[in-house]
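S.K.: The following block contains a protein sequence and its predicted model.
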Amino acid sequence: MKNPTSKDYQEIKDVFDRWIDAASARDLDAIMVLYHDDICSYDAAGPLQFNGHAAYRAHWQRCMPDQREMIFQSQEPVIRASGHLAVAHFLIRCGVREADGSEQASWMRATSHLEKRDGQWRIAHEHFSVPFDLENCEAQFGLQP
């Protein structure tokens with residue numbers, strides 16, 4: 001579904017807009033309400049996977065630095081939905097801004113699987129990844145869309 005006027009598209013897009021706002025504001029409660037209790041996440045930061053709300057919440061807490069501004073900038077997601085299932089993919093820039101204005105941020109790839117339960121779209125699975133160079137196996141943090 002690429003119809004930005006459909007109700008499901010707008011509701012799913014709202015999930016991602018709320019996610020960006022909540023993550024940027026470091027509002028852990030507002031972030032976690034967007035996930036199903038049985039979330040499975042493959043985050044760019046290890047370990048390999050997080051299963052369940054409690055484990056993923058603890059990971060988010062570890063990822064929120066003290067006194068540094070969080071950077072979350074997303075391209076428009078490509079959303080496909082049918083019935084109660086949806087998938088979205090997009091590029092996202094994540095990182096932190098130091099007090100001196102310097103940034104530690106990079107663009108990554110993101111894919112999310114959403115499910116509509118009890119009339120609410122929430123994220124059931126997400127996957128963030130950083131591409132790597134096949135020649136030297138180093139992460140390519142400097143890529144731009």
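M.R.: Thanks, I have it.
S.K.: Which strand in the chain has the most residues?
M.R.: Among the elements of type strand in the chain, defined by DSSP state E, the one spanning the most residues is strand 103-117.
S.K.: Quick check: buried residues in it?
M.R.: By neighbour count on 16 or more other CB atoms under 10 Å, the buried set for strand 103-117 is 105-108, 110-112, 114-116. Where you see a C-beta, it was placed from the backbone N, CA and C, and this is true even at glycine.
S.K.: which parts of the helix or strand following that strand are buried?
M.R.: Helices and strands here follow DSSP states H and E; after strand 103-117, the next one along the chain is strand 120-129. Of the residues in strand 120-129, those buried by neighbour count under the rule 16+ other CB under 10 Å are 121-128.
S.K.: Show me how far strand 120-129 is from its chain's centre.
M.R.: Relative to the chain's own centre, strand 120-129 is displaced by 7 Å; criterion: CA atoms, centre = their mean, to the nearest Å.
S.K.: I'd like the average pLDDT over that strand.
M.R.: Model confidence over strand 120-129, given as mean pLDDT, is 97.
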